[in-house]
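> generate a structure from the sequence data that follows.
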Amino acid sequence: MRAAVETNQPTQARKEYPNGDVFDGIVDGVSGKRRYGTLSLKAEGIQYIGDFVDGEPSGKGTIVYNDRSKFEGEHHNFQLIKGEYRFPDEERHEGVWFCNCPTKEGLRKYKDGRRSQQGMMVVCKGKNCPRFKVNFVINNGMRVVEDWRGTATGAIRESVTFIPVAALQYEEALVRACSTGNTGNVSKVLKTHGILAKFALDSSENKCAPCLVVAAANGFVDVVKILLMNGADADSCDTDMHNAFHAAAFFAHARVLSVLCELKSTSPSVEHAMNARSESGETPLQMAVTAYRQNVPGADECVRLLINAGADPGDLEPSLIVLDPSSLLFNTLLFLVPPPTEVLLQSYLRSNPHSQASHSAESDGVVSKKVD
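Numbers count the residues shown, from 1 in each chain. All right, here's what the predicted structure looks like:
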């Protein structure tokens with residue numbers, strides 16, 4: 001009886017795995033599952049010391065990444081939950097995490113005494129996409145903007161930008177010029193504060209739309225061109241995950257959409273923006289089709305532009321169209337003469353069953369339109 005009790009006790013063990021990973025710590029006396037110890041992941045360059053649940057690294061622990069950054073706190077199989085992340089330069093972020101990215105419930109501390117204030121604004125770059133833009137103000141008045149990407153084993157901060165107070169003083173003026181189509185004022189502000197083309201936000205609404213989204217929603221193609229020439233990101237979006245493609249498609253601004261589609265080959269982020277899903281799950285092509293079937297002027301051209309660019313159809317499927325019997329499109333179909341755009345759309349949907357964005361982690365809401 002004593003021997004049986006002894007074998008149930010946790011034991012010290014060292015395990016070396018075929019992929020080069022090494023565990024050294026305490027295992028369950030019966031199942032042999034890891035309970036606590038150190039795990040070295042060779043391929044990822046990660047060192048972990050802490051709890052294990054059902055043999056997997058989970059619970060409280062310390063994760064040391066290959067760039068010397070470190071996380072201490074709660075996690076589930078390297079998906080951060082709550083705790084402190086220390087950067088190599090001793091900058092620290094404390095708070096709650098989601099998809100291995102910071103959330104609004106966070107506090108940033110710098111080694112020189114600066115720290116974040118008034119909480120954080122975190123915007124996902126598309127539904128089910130592990131990429132986030134984090135905005136916060138620090139106690140010297142500057143705004144910090146960071147791009148984060150969550151992976152299976154860690155949090156990656158891809159970029160960080162400090163926006164000077166002097167530039168932020170012109171943010172409202174730039175947003176107003178973008179919403180009214182005043183190209184002169186847009187150019188004037190960007191001449192001295194070009195950084196705002198990429199980072200200025202419309203804080204007058206809760207959605208905090210980037211100025212490129214504001215200009216696209218209002219159909220000001222010349223303003224859109226100026227912003228893009230000054231570094232605006234096509235995949236920047238508001239809190240509803242609407243980017244410039246969504247805005248132009250929703251309001252059927254074909255000229256704006258044409259400019260955006262021409263950028264597809266220049267950057268992976270543009271292609272991502274063209275295929276991104278909003279918070280409600282819609283791709284720009286879905287929005288354009290909705291506008292087209294509601295007979296919004298210009299929407300048919302938007303549908304054609306996105307199809308020609310190879311846009312993701314999202315959840316659209318080839319099917320019979322349900323229309324208002326009083327609509328022109330219904331009566332056209334009634335005489336068996338389908339509109340050319342509808343023929344093109346149905347053909348495209350049949351050749352593109354179930355979109356990429358529908359099943360990819362990388363990749364109705366109404367887009368705000370500001371009119372003064």
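
> how would you label Tyr348: helix, strand or coil?
State at Tyr348, reduced to three classes by DSSP: H, G, I helix; E, B strand; the rest coil: helix.

> got it, and Glu72?
Quick answer, by three-state DSSP: Glu72 is strand.

> that one and Ile81 touch, don't they?
No: using C-beta atoms under 8 Å, Glu72 makes no contact with Ile81, being 12.0 Å away. Placement of C-beta: from N, CA and C, glycine included.

> show me whatever sits in contact with both of the two.
Shared contacts of Glu72 and Ile81 (C-beta atoms under 8 Å, 6 or more residues apart in numbering): none.

> check which helices and strands the one helix or strand His246 maps to sits against.
Here His246 sits within helix 244-250, counting by DSSP states H and E. Under the contact criterion of 3 or more C-beta pairs under 8 Å, 6 or more residues apart in numbering; DSSP states H and E, helix 244-250 touches helix 211-218, helix 254-261, helix 268-275, helix 284-293, helix 299-308.

> mind checking the pLDDT average for that helix?
Averaging pLDDT along helix 244-250 yields 97.

> got it, and stretch 30-38?
95.

> what's it in contact with?
7-8, 10, 13, 15, 23-28, 47-52, 54-57.

> try it again at 7 Å.
Residues from elsewhere that reach stretch 30-38 (C-beta atoms under 7 Å, 6 or more residues apart in numbering): 8, 10, 23-28, 48-49, 51-52, 54-55.

> ok, which stretches of the stretch 1-150 of the chain are helices?
Secondary structure of the stretch 1-150 of the chain (DSSP state H, counting those that start in this stretch): helices located at 2-7.

> where along it do the strands fall?
Using DSSP state E, counting those that start in this stretch, the strands of the stretch 1-150 of the chain run over 11-16, 22-27, 34-41, 46-53, 56-64, 70-76, 79-86, 92-98, 101-109, 116-124, 131-138, 143-150.

> in the fourth one, what's buried?
Okay, so that is strand 46-53. Across strand 46-53, burial judged by 16 or more other C-beta atoms under 10 Å covers 46-52.

> ok, now the second one?
Within strand 22-27, the residues that qualify as buried by neighbour count (16+ other C-beta under 10 Å) are 23, 25-27.

> and which of these is nearest Ser116?
Gly25 (36.1 Å; C-beta to C-beta).

> beta partners of that closest one?
Ala13, Gly37 (DSSP bridges).

> again, but for Phe98
Taking DSSP bridges, one obtains Cys101 as the residues bridged to Phe98.

> for Val289, see how far away Phe250 is.
Phe250 is 11 Å from Val289, where distance means C-beta to C-beta, to the nearest Å.

> same question, Val137
39 Å.

> okay, those two: which has more neighbours?
A direct count of neighbours by other C-beta atoms under 10 Å for Val137 and Val289 places Val289 higher, at 26 against 18.

> which one is Val223 nearest to, not counting chain neighbours?
Ala215 (4.1 Å; C-beta to C-beta, 6 or more residues apart in numbering).

> that neighbour touches Asp222, doesn't it?
No: here Ala215 does not reach Asp222: they are 8.9 Å apart, not a contact under C-beta atoms under 7 Å.

> let's have the buried residues of strand 22-27 in JSON lines, adding distance to Ser267.
Below are those laid out as JSON lines (distance: C-beta to C-beta, whole Å):
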{"residue": "Phe23", "distance to Ser267": "42"}
{"residue": "Gly25", "distance to Ser267": "45"}
{"residue": "Ile26", "distance to Ser267": "49"}
{"residue": "Val27", "distance to Ser267": "48"}
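
> what's the closest of those residues to Leu345?
Using C-beta to C-beta, Phe23 is the member of the buried residues of strand 22-27 that sits closest to Leu345, with 54.5 Å.

> now do the contacts for that closest one.
By C-beta under 7 Å, 6+ apart, the residues touching Phe23 are 14-15, 34, 37, 39.

> of those residues, just the buried ones, ChimeraX syntax please.
Buried members of the contacts of Phe23, defined by 16+ other C-beta under 10 Å, are picked up in ChimeraX with:
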select :34,37,39
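
> now for Phe220: which residues touch it?
Counting by C-beta under 7 Å, 6+ apart, Phe220 has contacts Gly181.

> contacts for stretch 143-156, please.
With C-beta under 7 Å, 6+ apart, stretch 143-156 has contacts from 44, 46, 65, 78, 80, 85, 99-102, 130-138, 157-163, 168, 199.

> meant to ask about stretch 187-199, not that
Stretch 187-199 is contacted by residues 145, 161, 163, 167, 170-171, 173-174, 177, 226-227, 230-233 when judged by C-beta under 7 Å, 6+ apart.
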